[in-house]
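Engineer: what would the 3D arrangement of this be:
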Amino acid sequence: MRRTILSAGLALLALAPAAHAQQGGAANDPLEVMLLRTSASTRCADGCAVRGSPYSAERLTETVKVLADGNRIVQRTTEKLYRDSDGRTRIESEWKGKPLVQIQDTVAGMSYRLYPDTKTGYRMAIALPAPTGEAGATATVSEAPAPGAAKVAEHLAPALNVDAAGIVAQSRSLGTKQIEGVTATGTHATVTIPAGANGNVKPMINTTEIWMARDLWIMLEMRMSNPFMGDSVMRVQNLSRLEPPTALFSIPADYTVREIVRR
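Structural biologist: Okay, here's the model as predicted:
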C-alpha cells in the first residue's frame, strides 16, 4: 500500500499539468492504454482496497517551475475524490481540457477511464490479488506507514535516469498535526543525486514532505521540491467521511465502454 500511495502521489505531481485523451477515446490511444494498465496492475501486497473507511474530498495541486530567465510556469489542478465502504474509488478530473472519471472497482475487479462529454471510455480487469499467504490481503488503518526517503529515491531514480544505488536518501519524522479535522503523520525525505550521476556538475537535492491520515489511509498533503519539476504542493480539502452515493461507482447504461485486454 505504501508503494501505491507514494507512486500515485509522485505521478500526480509530475503529470498534474496534463489533462484528457483524444476525443471520446474512439481508438486505443497508447497513452490511454498505458495509464489504464497502470491503474489496473496493482497487486494486493502493494495496495489493497481500503474497506470500511469511506470519504469524499477535493484534491488541489499546484506546480511552480522557475526557468533560467526568471520566467515562471504555474499550473493548478483540482480533482474530486471518493471512496466507499467496499473500497471502490472514483476520481473526477480533466484530461486535455475535458472531463475524465476514473473508477477503481475492486468489487467487480475492473478499472475504468470514462469521458462524460462523449459517454465513452475504457476498462481493464484489475490484476489478480497476491498469492495466499502474501502480506497485505486486507489493508487496515493501523498498517499505514509513512513513506520514507528510500522509497522516494526508488521512484525518482528511473525518472531522473540515474542509478538508485548512488543516491543518498535520508528521512525524519515530523510528528503529527491536524488536517481537515483528522490526525496526520508527517515524514520529511531528502534525496541527493550525486554530482556526475546524470551529467550534473553539482549534487541535485530533492525534498518531499508527506502527511498521511492513518485512520483513513490517504495522503492529505504533499510538498515536493525537485530541480526538474520545480516546486509542487498537493493538499486535500473539504473532507467528508460520509458514505458517497453508490451511483458514483457504477457505469451509466448509456456509456459505450471498450475493454482493453490484459497482457
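Engineer: helix/strand/coil for Ser173?
Structural biologist: Here Ser173 is recorded as strand under DSSP: H, G, I helix; E, B strand; the rest coil.
Engineer: not counting sequence-adjacent ones, nearest residue to it?
Structural biologist: Take Ser173 and drop its neighbours on the chain: the residue closest to it by Cβ to Cβ, 6 or more residues apart in numbering is Thr187, 6.2 Å away. Yep, even glycine has a C-beta here, placed from its N, CA and C like the rest.
Engineer: gap between that neighbour and Met229?
Structural biologist: 19 Å (Cβ to Cβ, to the nearest Å).
Engineer: go on, Glu243?
Structural biologist: Taking Cβ to Cβ, one finds Glu243 at 36 Å from Met229.
Engineer: which of these two has more neighbours?
Structural biologist: Counted by other Cβ atoms under 10 Å, Glu243 and Met229 do not tie: Met229 has more neighbours, with 19 against 13.
Engineer: so where's the stretch 101-250 of the chain shaky on pLDDT?
Structural biologist: 128-166 (pLDDT under 70).
Engineer: now the strands for it?
Structural biologist: Listed in chain order, the strands of the stretch 101-250 of the chain (DSSP state E, counting those that start in this stretch) span 110-115, 120-125, 168-179, 182-193, 204-213, 218-226, 230-240.
Engineer: in its sheet, what does the first one sit against?
Structural biologist: Partners of strand 110-115 in the sheet, by DSSP bridges, are strand 98-105 (antiparallel), strand 120-125 (antiparallel).
Engineer: quick check: Pro116 touching Trp95?
Structural biologist: No - contact criterion Cβ atoms under 8 Å: Pro116 and Trp95 do not qualify, at 11.2 Å.
Engineer: residues of stretch 223-233 that come out buried?
Structural biologist: Under the neighbour-count criterion of 16 or more other Cβ atoms under 10 Å, stretch 223-233 has Arg223, Met224, Asn226, Met229, Gly230, Ser232, Val233 buried.
Engineer: closest one of those residues to Val201?
Structural biologist: Nearest to Val201 among these, counting by Cβ to Cβ, is Asn226 at 17.5 Å.
Engineer: not counting sequence-adjacent ones, nearest residue to that closest one?
Structural biologist: Asn206 (4.9 Å).
Engineer: residues near the one you found, how many?
Structural biologist: Asn206, neighbours per other Cβ under 10 Å, totals 22.
Engineer: Gly196 too?
Structural biologist: 12.
Engineer: how about the one 4 residues further on?
Structural biologist: The burial count assigned to Asn200 is 14, neighbours taken as other Cβ under 10 Å.
Engineer: with adjacent residues omitted, what lies nearest to Gly87?
Structural biologist: Ala49 (2.7 Å).
Engineer: same thing with Pro244?
Structural biologist: Tyr82 (4.3 Å).
Engineer: tell me how far that neighbour lies from Val257.
Structural biologist: 19 Å.
Engineer: the more surrounded of the two?
Structural biologist: Set side by side, Tyr82 and Val257 show more neighbours around Tyr82, with 20 against 17, by other Cβ under 10 Å.
Engineer: can you tell me the average pLDDT over the strand or helix carrying Ala57?
Structural biologist: Assigned by DSSP states H and E, Ala57 belongs to strand 55-66. Regarding strand 55-66, the rounded mean pLDDT is 95.
Engineer: pull out the buried positions in the helix or strand following it.
Structural biologist: For strand 55-66, the following helix or strand on the C-terminal side (DSSP H and E) is strand 72-83. By neighbour count on 16+ other Cβ under 10 Å, the buried set for strand 72-83 is Thr77, Glu79, Leu81, Tyr82, Arg83.
Engineer: paired strands for strand 72-83, with orientation please.
Structural biologist: strand 55-66 (antiparallel), strand 89-95 (antiparallel).
Engineer: rounded mean pLDDT for it, please.
Structural biologist: 94.
Engineer: can you lay out the strands of the stretch 101-250 of the chain as JSON lines showing distance to Arg90?
Structural biologist: Listed next are the strands of the stretch 101-250 of the chain as JSON lines, based on distance: least, Cβ to Cβ, whole Å:
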{"stretch": "strand 110-115", "distance to Arg90": "9"}
{"stretch": "strand 120-125", "distance to Arg90": "13"}
{"stretch": "strand 168-179", "distance to Arg90": "22"}
{"stretch": "strand 182-193", "distance to Arg90": "20"}
{"stretch": "strand 204-213", "distance to Arg90": "18"}
{"stretch": "strand 218-226", "distance to Arg90": "14"}
{"stretch": "strand 230-240", "distance to Arg90": "14"}
